[in-house]
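I need the structure of the sequence given here:
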Amino acid sequence: MAISTAIQKLRDSFNSEESANESIRCISQSIASKELTILKLVEDLQPDLLNQQNTHRCKAVSTIGTILEQLGPELKGLNEKEVELVTEFFCSKLKDHHSILPAALQGLHALSTAPKLSPGLARLISQSIFQDVHCQSQLQHDRRAIYKTLKNLLAFHLKELQDLGQDFVFGLIQLADQERDPRNLLILFSIFPVVARYFRFEPFTEEFFEVFSCYFPIDFTPPANDPYAVTKEQLCDGLRQCLAGSPHFAEYCLPLLQEKLESDLVSAKVEALKTLELCCQTYQAGQLEKWVDSFWTGIRREVLINVNTDDLEHASLDALAALSRAFTTDGEFNSPAFTKLLKNVLTECQGHLCEPERRLMTPSSYILLAICSGSAPACALIVSQVIPLLMDQYRIRPQSNPRQFILNSLNKMVHAGLYGFTEENVAQSGLASLIPKLLELYLEVLKEDDAVLRNLSLQGLSHLIGTCLNHQDLEKVNGTLLDLLQKSTATDSVIAEIGHFFCKSAEKNENLFLEQVLVKLLDIAVSGSIPTDGCARTIRPGITTGSTQSFDSFRTKGRTRNIPAIAPLGIENIGRRRSSGVTPSHLCLIEKSGFQFIFRVILLDQNVGRNVFVTFSALYRKATEFINEQTEQYVSQHLARSPWTLSIMEATLGSLDATPSGHSLERLVNTLEPLTVCHPKADVRLSACRLMAALVNKLPEGHELEAILDSLRRKWQDPSTDRCNSVCLFVWITKALLMRSYSKLNQYIQELVDSLNDPTHGYQVAEGFKTILCDTEECLNFNCHANIRLMYRQRFFQEVVPRLLKLYRESESCNKAACFAAIANQLAFIPEGVLIAHITTLIPLLIQCLSTDQPAQLIISTINAFMGLMSDNVSAIEEYISSLVPRLLTLAKDGITMDVRRLALQCLSELRKAQSIVLLPLRSEVILRLVPCLSDKKRLVRREAALARQKWIMLGQPGCN
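Down below sits the predicted model:
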């Protein structure tokens, strides 16, 4: 449509009810492309802008505002002078007839979204609104436009508005006074904290505080099926930020909170306590000091006297912790009033702790723990007095129930006293003198027959690991626990707690664990002294050396099925922490006492389940450098009997630096080949493919490697072979050759790309691209001594993308989806520097995949690719967010499968990592279009929708970057 024609149609629409959307769109595009200037448009519309009829004039002004909205925050096509003139134009229209006001506000709101207005324009807009608009007489929509305009100006031009000083504060007070609409209040509650923080508002402090404090506490119930979904929680959170916005509010806010704390309404009390907690972060100790006794009286009443809901009790304790934190500076108390109060609180609570039969013991311990969590000196004072008291109380009370209460409180105090401490901190603190007595008490409790007391003792001992127990103490504790394991009174829960203790012990002192604990555990296990039924779920006997006769005896008792659960005792730490100083000799101890026996169990006992092989495959992979290479021969002898042993073979042979050769290699390959594509179990086929890939990766180029590759090629190209299994094998072999930069890799890459044309298995091939580039824990990594060349992923990407794009342009439409998926599956693994060179070509293609008419598998792969890209480099896709967000919103509502809708919502949440300036124009649309997703029939989708909508609602809020 020609520009002149569009303008004429636009003018004609002012005199009729005909829609002018198409004309406005055409004019906006012309201005953005600089074929038309905004000033020329205003000149052409001059007769309409000066028309005597208010409705006609209003349409003309509104049209210019709509055009500005379509130009976006960048105001495309407008130069600095034009922006100034348009701003002055809309400001002048605020003085026009009241019916023109909504159109003028629309234009000013569009201008306020521009982050780069000329100096002075933000000031002009705000002053014009303050002087020429009576906000209370406007409709809700127009008041909302005013508030959003001011919010945008504060976000982008704060420094310029600060120059207005008290005038801005006074103007805001006049605008916001008596606002009642919850949608508008949400915006105001995001504006007030910014003003409170960055503006001087004397002498209007009280008036400014009254503007928002009149809403406290919030009493709002949203109507059913509210399309805007404004919640009471959102309003409460916003109002709390306002009340705690500045220390200048303390003299008005603290009496208000005290008044509400005396209220009969539980909701008012909870809100007052939550607000107090937030205010303690802002207000000064001197301001709080006057009120601390009153607040303690209220908190004491709610925790110790009244029987209240959990919400009120938690809010009380959180507020008490915040007060404790506020009165502590640089590790010292900064208020005599709080010091006096703390002593009174401690005295009262100590009295309650001496009476475990009464219900006040537990809430008293909660009060002391809350104070400990907020103040280090308070914590030191409380712990030094309470721990000895609790130890004495335990010893003088023989009954089990009081002892459980006391020991539970003692553990919490020990944890509070040691939180964040190191061994050096503890040695210098007042706790050091209490550690021997604590250890003695905990060890005494372990001798009790009460399982609950034993569990509590073990939990307390776990708190001492790494900070309080020296080498000698740890030896003593380990010996006691090993003795306890062999007693018939050791229940399942006690054994589980011992397992957790040993896990933590292995993390803190692995050498001691390996030398003194693990080998003894293995010996105890095989001796049969641990009750089989008591340790079945935590400590599994059976790892030891010994004669075949002893093994056969052990096996006949049916204990081999219990082997896998030895891992919870800390064996997994061997590989994870091998770099922390564990010597080969320590691991050799484990090898001698366990590995040979494990082989006997898993290879000779045909009733062992697959989980046995999985557990010990991981163990062997971590300790592979200490395994004798004769393992190869030992395992291969039994492979035919139990194909599940392939997990062990993969873990050993696939992890060794050396590879078999000659006849041994030939026998191994001949054994593995049929398993890669013909075995009925998918896990066995996958293990065989991975092991074959590991061999191909490590073999030197030459006759042996070529022979194996030729044989494998015949296998995956055999028409009688299941195509799915063939693709899996081909993908793993390609991955192995790519990582080592095989000289003939090009033909494998081309075959991989051509396989995408397979109408049945194209998607499986596309998923193979992810397999090729991702890291694998089982094999083909540095820990398994794989042959890996630098930047193999980048080379593969650079090589394959042009071929995929060519295939996409030439292939049938039914196969384009496989090309999309192959591209999407690579993005998460490619560094930003390489990706940027192709981003302008790939991202628009991938966005096309996000359509409801595309297969679900393709959509999922594409969304996963976008989320992987956003986690590392969200700025790379910021240019395309305006196209991406609408498609994600459509998928979130209309996606065929639950996974599609859920991932689309997750991607919308991840987009919050982008710059707010890019997202703000889309915020309203996203919030509105996510409302239907809150009613999705799937719970997981509803949860993601709520999270995504919450993040977009908080977009642009102060402190919510």
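
Need the residues that contact stretch 369-385.
Outside stretch 369-385, the residues that touch it by Cβ atoms under 8 Å, 6 or more residues apart in numbering are 317-318, 320-328, 331-333, 342, 345-346, 350, 368, 412-414, 416-417, 429-431, 434. All C-beta spots, glycine's among them, are computed from the backbone N, C-alpha and C.

Stretch 405-416 now?
353, 356, 361-362, 365, 368-369, 372-373, 379, 382-383, 386-387, 390-391, 393-394, 397, 438, 445, 453, 456-457, 459-460, 463-464.

if you set the cut-off to 7 Å instead, what comes out?
353, 356, 361-362, 365, 369, 372-373, 379, 383, 386-387, 390-391, 393-394, 397, 438, 445, 453, 456, 459-460, 463 (Cβ atoms under 7 Å, 6 or more residues apart in numbering).

Could you pick out the buried ones from the contacts of stretch 369-385?
By neighbour count, with 16 or more other Cβ atoms under 10 Å, these hold 317-318, 320-328, 333, 342, 345-346, 350, 368, 412-414, 416-417, 429, 431, 434 as buried.

In this structure, where's the longest helix?
Secondary structure of the chain read by DSSP state H shows that its longest helix is helix 376-396.

Following the chain past that helix, name the next helix or strand.
Next helix or strand after helix 376-396 toward the C-terminus (DSSP states H and E): helix 400-418.

Extract the C-alpha trace of that next one and format it as PDB.
Taking C-alpha atoms only, helix 400-418 is exported to PDB below (Å, rounded to 0.1, in the frame of the first residue of the first chain):
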ATOM      1  CA  SER A 400      13.000 -42.100  77.500                       C
ATOM      2  CA  ASN A 401      10.600 -39.400  76.300                       C
ATOM      3  CA  PRO A 402      12.200 -36.500  78.100                       C
ATOM      4  CA  ARG A 403      15.600 -37.700  77.000                       C
ATOM      5  CA  GLN A 404      14.500 -37.600  73.400                       C
ATOM      6  CA  PHE A 405      13.300 -34.000  73.700                       C
ATOM      7  CA  ILE A 406      16.500 -33.000  75.500                       C
ATOM      8  CA  LEU A 407      18.800 -34.800  73.000                       C
ATOM      9  CA  ASN A 408      16.900 -33.300  70.000                       C
ATOM     10  CA  SER A 409      17.300 -29.800  71.500                       C
ATOM     11  CA  LEU A 410      20.900 -30.500  72.200                       C
ATOM     12  CA  ASN A 411      21.600 -31.500  68.600                       C
ATOM     13  CA  LYS A 412      20.000 -28.300  67.300                       C
ATOM     14  CA  MET A 413      22.100 -26.200  69.700                       C
ATOM     15  CA  VAL A 414      25.300 -28.000  68.600                       C
ATOM     16  CA  HIS A 415      24.400 -27.500  65.000                       C
ATOM     17  CA  ALA A 416      23.700 -23.800  65.600                       C
ATOM     18  CA  GLY A 417      26.900 -23.400  67.500                       C
ATOM     19  CA  LEU A 418      29.000 -25.000  64.800                       C
END
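
Sort out which residues of stretch 461-477 are buried, please.
In stretch 461-477, counting by 16+ other Cβ under 10 Å, buried: Leu461, Ser462, His463, Leu464, Ile465, Gly466, Thr467, Cys468, Leu469, Asp473, Leu474, Val477.

Out of the residues you listed, which is nearest to Arg200?
Of all the buried residues of stretch 461-477, Thr467 has the smallest distance to Arg200: 48.7 Å, by Cβ to Cβ.

For that closest one, what are phi and psi?
Dihedral angles of Thr467 (phi, psi; degrees, to the nearest 10) stand at phi -130, psi -40.

quick one: it and Leu418 touch, right?
Yes: Thr467 is within contact range of Leu418, at 5.4 Å (criterion: Cβ atoms under 7 Å).

Domain ranges for the chain, per the record?
646-825, 831-961 (automatic domain parsing).

Of those domains, give the one that comes closest to Asp177.
Short answer: domain 831-961, nearest of the domains of the chain by Cβ to Cβ, at 21.8 Å.

re earlier: can you flag which of the buried ones among the contacts of stretch 369-385 belong to helices?
317-318, 320-326, 342, 345-346, 350, 368, 412-414, 416-417.

Would you mind giving the buried residues of stretch 461-477 as JSON lines with distance to Pro674, secondary structure and pLDDT added?
JSON lines is the format used below for those (distance: Cβ to Cβ, whole Å; DSSP: H, G, I helix; E, B strand; the rest coil; pLDDT from 0 to 100):
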{"residue": "Leu461", "distance to Pro674": "54", "secondary structure": "helix", "pLDDT": "88"}
{"residue": "Ser462", "distance to Pro674": "50", "secondary structure": "helix", "pLDDT": "87"}
{"residue": "His463", "distance to Pro674": "55", "secondary structure": "helix", "pLDDT": "85"}
{"residue": "Leu464", "distance to Pro674": "56", "secondary structure": "helix", "pLDDT": "84"}
{"residue": "Ile465", "distance to Pro674": "51", "secondary structure": "coil", "pLDDT": "82"}
{"residue": "Gly466", "distance to Pro674": "51", "secondary structure": "coil", "pLDDT": "70"}
{"residue": "Thr467", "distance to Pro674": "56", "secondary structure": "coil", "pLDDT": "72"}
{"residue": "Cys468", "distance to Pro674": "58", "secondary structure": "coil", "pLDDT": "75"}
{"residue": "Leu469", "distance to Pro674": "55", "secondary structure": "coil", "pLDDT": "77"}
{"residue": "Asp473", "distance to Pro674": "57", "secondary structure": "helix", "pLDDT": "84"}
{"residue": "Leu474", "distance to Pro674": "52", "secondary structure": "helix", "pLDDT": "84"}
{"residue": "Val477", "distance to Pro674": "53", "secondary structure": "helix", "pLDDT": "87"}
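
and Leu911, how many neighbours?
26 (other Cβ atoms under 10 Å).

ok, now which ones touch it?
Neighbour list for Leu911: Met870, Ile881, Val885, Leu919 [criterion: Cβ under 7 Å, 6+ apart].

The third one against Leu922, yeah?
Yes: at 5.2 Å, Val885 counts as touching Leu922 under the criterion of Cβ under 7 Å.

Please report how far Leu827 lies from Arg809.
20 Å (Cβ to Cβ, to the nearest Å).

more neighbours, those two?
Taking neighbours as other Cβ under 10 Å, Leu827 and Arg809 compare with Leu827 leading, 26 against 9.

Return the residues in contact with the more buried one.
Leu827 neighbours (Cβ under 7 Å, 6+ apart): Leu835, Ala865, Gly868, Leu869.

could I get the buried residues of stretch 461-477 as a markdown table with distance to Trp291?
Formatted as a markdown table, the buried residues of stretch 461-477 follow (distance: Cβ to Cβ, whole Å):
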| residue | distance to Trp291 |
| --- | --- |
| Leu461 | 42 |
| Ser462 | 40 |
| His463 | 36 |
| Leu464 | 39 |
| Ile465 | 42 |
| Gly466 | 41 |
| Thr467 | 37 |
| Cys468 | 39 |
| Leu469 | 44 |
| Asp473 | 46 |
| Leu474 | 48 |
| Val477 | 48 |
